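K.L.:
next comes the sequence, and after it the predicted model I'd like to discuss.
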Amino acid sequence: MAKWFVEEMTLMGASGEPIEVEAASAVAAAKKALKHNLKESNDGGRLKAKAWQLPVPGNPPQIIYLYEPAKHEHHQ
């Protein structure tokens with residue numbers, strides 16, 4: 001488990017209030033923090049959150065953007 005920071009994205013931009021959670025992945029962290037099922041790939045859904053871990057000294061944090069699944073998704 002890793003420590004993640006999840007920040008909800010609104011139409012106006014970031015909420016400015018990161019939520020700290022322990023999770024195995026960015027997607028799991030967002031589900032825990034925001035109670036949303038989000039995904040890393042954008043298939044037309046809205047940007048809903050960004051997640052990052054504490055940066056390694058000397059490296060900037062790697063930010064993972066998370067999207068809502070598109071509404072028109074059909075399972076084949």
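P.N.:
Cool, the structure landed. Residues are numbered from 1 along each chain as shown.
K.L.:
quick one: strands adjacent to the top strand by length along the chain?
P.N.:
Longest strand of the chain, by residue count under DSSP state E: strand 2-10. In the sheet, strand 2-10 lines up against strand 13-14 (antiparallel), strand 19-23 (antiparallel), strand 47-53 (antiparallel) (DSSP bridges).
K.L.:
which residues touch the helix or strand bottoming out on mean pLDDT in the chain?
P.N.:
When the helices and strands of the chain are scored by mean pLDDT, DSSP states H and E, strand 13-14 comes last with a mean of 85. Residues outside strand 13-14 that contact it (CB atoms under 8 Å, 6 or more residues apart in numbering): 7, 8, 50. (Each C-beta comes from the backbone N, C-alpha and C, glycine too.)
K.L.:
dump the residue contacts of the last one.
P.N.:
With contact taken as CB under 8 Å, 6+ apart, residue 50 is in contact with 6, 7, 9, 14, 63, 64, 65, 66.
K.L.:
what is the most widely separated pair among these?
P.N.:
Spatially, the most separated pair among the contacts of residue 50 is 14 and 64, at 13.7 Å (CB to CB).
K.L.:
neighbour count for those two, which is higher?
P.N.:
Set side by side, residue 14 and residue 64 show more neighbours around residue 64, with 19 against 12, by other CB atoms under 10 Å.
K.L.:
ok, the more buried one - contacts?
P.N.:
26, 40, 50, 51, 52.
K.L.:
can you check residue 61 too?
P.N.:
Counted by CB under 8 Å, 6+ apart, residue 61 has contacts 52, 53, 54, 55.
K.L.:
how about low-confidence regions in this protein?
P.N.:
72-76 (pLDDT under 70).
K.L.:
circling back to that earlier point, return the most buried member of the strands paired with strand 2-10.
P.N.:
Across the strands paired with strand 2-10, averaging neighbours per residue (mean count of other CB atoms under 10 Å) puts strand 47-53 on top, at a mean of 20.
K.L.:
much appreciated, bye for now.
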